[in-house]
Each structure stands twice: as structure tokens, then as C-alpha cells.
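**Student:** Sharing a model that was predicted from the sequence below.
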Amino acid sequence: TVDLTIMTAPSLTELATMAPPLSSTAAFVIDSDYVNISRMKIAPTVPLTYGIKSSARYVDISSVTIDGGDNLWYAGIALSSHSAVSYSSITVRQASGLLVTGSTNTITKTYLANDSSGSAARLMSSRYNLITGSTMTVPTSSTDPALDMVGASYSTVTLSMIQGGKTLAAKLSSNSDGNVLSLSTFTTTGGNGISNALYLTGGSSSNIISQCYAGAIAGGTGDNIAILIDGNATFNAVRWSTAVVSGSGVGYGLQLSGASSNTISNSFIYSDEVTAVRLDANASYNTITLRTMVSNLYSGRFGLELNNVSSNTISGNYIQGSTAVWVSGATGTILTYNVLVATNTTGAGARFSGGVNLTVSSNTIYALGAGIQLNAGNSGLITVTSNTVVSGARYGIYTANQPGATIWIASNTLIATPSTLVDTYGVYLDNLTS
């Protein structure tokens, strides 16, 4: 066991600077436990693989500045296990600012930046790590995530700022499971391609996103998404968070694509110009509940869209859009106890097409077009009960002919508004056969 401290003398105001000679691996290579490095500056003038490389445990790095420039090509700091980095600043260009491959490390109040290509912080096949009070940033032109978690599990990122470039702020992939992201901000600048502020993919499951802000700026023709969960990512939870896509272009506040058994609760989700929340590609058994705010104001778009999905539950939310809810090709959708607000003059509170076994119950609906609109092509059992359609809708409930469906309409309150301009209806059965 070694107990060694390397530091600039406390009496000196200027940090000692390390500039290793040619053919060095790093300024410090640590392979013994209990080593402390404090109040040092690393500014290589020749190519290095690492600023600090540690394969040991119980290494403490504090108040260290690393300015890698173009001379660090793999990592500013590489950690193994049971170590700590605090009050430090790491800036690189062609490397990862921080690389963690072990477990039980703590990163506190540290600035991590990549100025060109690569991630600010990368956790690979690691567990039980903590990043708190830190900043991770990449340039606006970058396509790399500022925070890249690859097979990283049971770790926590909290009270931190993660600033991505035009593509990604944070990415969890390769079965990164059981992580907690809390009280943090994830933002991207957007661009002409695909941009995700927070992206869970590759089977990453059982993660918790709590009290976070995820923001993406839409631009061009690519999908810009504040929070994207896809690639068989399951049992993730988004709680008490805000997801916003702003700007002109294509974007969603939240998208679940091929992802199952996820829960979205107590969150505000907003998109300037497209659907606020979209579920597609066989996303199933997901729940959006407990007063989740889903809002969209752009004409011709939706607050919530379900497309070719199954067994999803939408309950207890406020949902606003040109048409509040649009469900197409979905099986087993449950829409209950929501407030649905359609802002377009022809918009519907909830519109269904090509669905199987739908339940619409106990919702309060504000619309000018139809409160509940069942287009042709639905099948199975369709239950419409105990809903209230507030005065103003042309159709309280509209249903086209549904030859493959059994429709149950009961105990709804439909407040019609007589008009001299158009006919209005409480229930309109369009060519319905018995």
C-alpha cells in the first residue's frame, strides 16, 4: 500500500505544470493504491495517450487542470475503481475528457469538455459511479454525446449540466441499466440531422430520469427529440421532468419507439411544431399518467400520437394539440381520466383509426370539431363511457361505419351548442350498421 501525495506547494499561487517528454504514456501513470494528485496542471506539448491513467484504487485527483489541446488522443483522465475526481477542469480535443471503466468512482464539481470530436465523459462497462455538480460539454458541431454511457449500470448523474452539440447530449446504450439521472439539464443545439438531448437505446432498462430538463432545438428535416427511448429499452421511468423541442423543423418532446413497459409521470412535454409525444414501432405496455402535461400549439399537429402500438395506458393527463390525441393502428389503448383540448377548429379531442379494442372513459374534452371521433377501420370492442364533452364541439361523439367492431357508448355527458351556421350533434352515427 502506498500513501503518496503529489501537489503544488500550498505557498505557490501558480500551479506546477507537467509537460511530459516524447514517447510518454501520460503525465501520471498510477498503478498503486492510495495516491493523491492535487493542484497540478497538465499541458502536453507532445502526443500523449492520457493526461492521467490510473489502474489503481483509492486515487484522489483534486484541483487539477488538464489542457490537452491536440496532444491527448484517448482520455484526459482514465479511472479504474474506488477513486475520486473533484474541483478539476479537463479540456481535450480528440479524446474523452473522462474515461471510467471500473466501479464506485465519484466525480464532483468538475468541468469536462471536448472541443472537437469525442465525448466529455464516457462510462464503459462500469458500475456504481457518481457524477455530481459537474459540467459536460461538446461543441455545437459535434456528433458525439457529451455524456456517453456504454454498458454502464447503477450509476448516478445528478445536479449536472450536459451540453451536447448538434446530435446528442447524453446517450445510454448497450444495456446501461439501473442508472439514475436527476436534477440535471440535457440540451442539444440541433441542426439538419437527428438530434436527441437524452437517448436511451440498446436494451438500456430500469433507468430513472427525475427532475431533469431535456431540450432540443429543431432544424432541418431530421427528427429532433428531447427524450428518445427506443431499441427495446424497457422499464424506464421519466418523473417530474421537462422535455421541450423548440424552433422550426421536425421534432418531438418525447418519443417511445419499439420500447415497452416504460412510465412517464408528472412531467411537462412540449413541441413547437410537431407532436409533443409519439409512441410508434410496436411500443407496448407503456404508461403516461399522473398529470403529465403534454402540450402542442401548432396547427395540424397532435398533443399525443399513438401509431401501430399496443396495450398503452394514458391516464390522468392534460393533453393539448390541434387534435389532442390521435390513435392509428393501435391495439388495446386505454384513454381515461384525461383533460383533452383540441385547439384547431376542426380538431378532435381524441381521434381513432384502424384500432383494435379501444377504451375511452371518464375524460373531459374541449373541442370544436369532434369530442371523440371514431374513423372507419376500427375493430374489436370499442368502449366509450362516462366522458364529458364540453359545449363547443360540432360532434360530441362521431363514429363512421365499423363493420368489424362492437361499440359500447354509455353514460357520456355531451353538451351540444346549437348553431345557425352548421349542424351540431350529440352523437352522430355515420352509416353505422347493426
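**Tutor:** Yep, it's here.
**Student:** C-alpha only now, for contacts and for neighbours.
**Tutor:** Fine.
**Student:** Can you classify the most centrally placed residue in the chain by secondary structure?
**Tutor:** In the chain, the centroid-proximal residue (CA atoms, centre = their mean) is residue 227; its distance is 2.2 Å. The three-state label given to residue 227 by DSSP: H, G, I helix; E, B strand; the rest coil is strand.
**Student:** Quick check: the gap between it and residue 139.
**Tutor:** Remark: distance between residue 227 and residue 139 (CA to CA, to the nearest Å) = 20 Å.
**Student:** before we move on, what about residue 404?
**Tutor:** Distance from residue 404 to residue 139, counting by CA to CA: 55 Å.
**Student:** the more surrounded of these two?
**Tutor:** residue 139 (20 against 13; other CA atoms under 10 Å).
**Student:** pLDDT wise, what is the more buried one at?
**Tutor:** Model confidence at residue 139, given as pLDDT, is 94.
**Student:** now do residue 221
**Tutor:** pLDDT, residue 221: 64.
**Student:** My guess is residue 217 contacts residue 189. True?
**Tutor:** Yes. Between residue 217 and residue 189 there is a contact at 5.5 Å, judged by CA atoms under 8 Å.
**Student:** Low-confidence ranges, the stretch 101-250 of the chain, go.
**Tutor:** 191-193, 219-222, 248-249 (pLDDT under 70).
**Student:** Number of residues surrounding residue 427?
**Tutor:** Residues near residue 427, counting by other CA under 10 Å, number 18.
**Student:** now it, which residues is it bridged with?
**Tutor:** Note on residue 427: beta-bridge partners by DSSP bridges are residue 397.
**Student:** Would you quantify the distance from it to residue 433?
**Tutor:** In terms of CA to CA, residue 427 sits 15 Å off from residue 433.
**Student:** which ones are touching the residue nearest to the centre of the chain?
**Tutor:** Taking CA atoms under 8 Å, 6 or more residues apart in numbering, we find residue 227 in contact with 196, 197, 198, 199, 214, 243, 253, 254, 255.
**Student:** same thing with residue 179?
**Tutor:** 152, 153, 154, 155, 156, 206, 207, 208.
**Student:** if you set the cut-off to 7 Å instead, what comes out?
**Tutor:** 153, 154, 155, 156, 207, 208 (CA atoms under 7 Å, 6 or more residues apart in numbering).
**Student:** okay, the contacts of residue 227 in JSON lines with neighbour count next?
**Tutor:** JSON lines is the format used below for the contacts of residue 227 (neighbours: other CA atoms under 10 Å):
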{"residue": "196", "neighbour count": "37"}
{"residue": "197", "neighbour count": "36"}
{"residue": "198", "neighbour count": "30"}
{"residue": "199", "neighbour count": "23"}
{"residue": "214", "neighbour count": "27"}
{"residue": "243", "neighbour count": "28"}
{"residue": "253", "neighbour count": "33"}
{"residue": "254", "neighbour count": "30"}
{"residue": "255", "neighbour count": "24"}
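**Student:** Residue 366: which of those is nearest?
**Tutor:** Proximity of those to residue 366 (CA to CA) peaks at residue 253, which lies at 22.5 Å.
**Student:** pretty sure the closest one is touching residue 269, no?
**Tutor:** Yes. Between residue 253 and residue 269 there is a contact under CA atoms under 7 Å: 5.4 Å.
**Student:** between the two, what contacts are shared?
**Tutor:** Joint contacts of residue 253 and residue 269 (CA under 7 Å, 6+ apart) are 243, 244, 276.
**Student:** Residue 165: which of those residues is nearest?
**Tutor:** Using CA to CA, residue 244 comes nearest to residue 165 of these, at 16.2 Å.
**Student:** Show me the beta-bridge partners of that closest one.
**Tutor:** Beta bridges link residue 244 to residue 215, residue 270 when assigned by DSSP bridges.
**Student:** got the contact list for it?
**Tutor:** Contact analysis of residue 244 by CA under 7 Å, 6+ apart lists 214, 215, 216, 226, 253, 269, 270, 271.
**Student:** Kindly reformat these as a markdown table containing distance to residue 100.
**Tutor:** A markdown table is the format used below for the contacts of residue 244 (distance: CA to CA, whole Å):
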| residue | distance to residue 100 |
| --- | --- |
| 214 | 24 |
| 215 | 26 |
| 216 | 27 |
| 226 | 26 |
| 253 | 30 |
| 269 | 32 |
| 270 | 34 |
| 271 | 35 |
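**Student:** before we move on, the earlier item: among the contacts of residue 179, name the ones in strands.
**Tutor:** Among the contacts of residue 179, the members falling in strands (DSSP state E) are 156, 208.
**Student:** which of the contacts of residue 179 sit farthest apart?
**Tutor:** Spatial extent of those (CA to CA) is set by the pair 153 and 208 at 11.6 Å.
**Student:** higher neighbour count, these two?
**Tutor:** residue 153 (26 against 19).
**Student:** Verify the stated contact: the more buried one with residue 129.
**Tutor:** No. Counting by CA under 7 Å, residue 129 is not a contact partner of residue 153; they are 8.4 Å apart.
**Student:** What about residue 33, how many residues nearby?
**Tutor:** Residue 33: 19 surrounding residues under other CA under 10 Å.
**Student:** can you check residue 133 too?
**Tutor:** Residue 133 - counted by other CA under 10 Å - has 18 other residues nearby.
**Student:** who touches residue 413 in this structure?
**Tutor:** Neighbours of residue 413 in contact, by CA under 7 Å, 6+ apart: 386, 387, 388, 389.
**Student:** That one and residue 208, how far apart?
**Tutor:** The value you get for residue 413 to residue 208, if CA to CA is used, is 39 Å.
**Student:** Repeat that for residue 432.
**Tutor:** 46 Å.
**Student:** Specify which residues of the stretch 251-400 of the chain, grouped into ranges, have pLDDT under the cut-off.
**Tutor:** Counting by pLDDT under 70, the ranges of the stretch 251-400 of the chain that qualify are 296-300.
**Student:** switch the cut-off to 80
**Tutor:** 273, 291, 293, 295-300 (pLDDT under 80).
**Student:** re the thing from before, so which of the contacts of residue 227 is the closest to residue 171?
**Tutor:** Residue 171 has its nearest neighbour among the contacts of residue 227 in residue 199, at 4.8 Å by CA to CA.
**Student:** wait, what's in contact with that closest one?
**Tutor:** Residues counted as contacts of residue 199 (CA under 7 Å, 6+ apart) are 170, 171, 172, 227, 228, 229.
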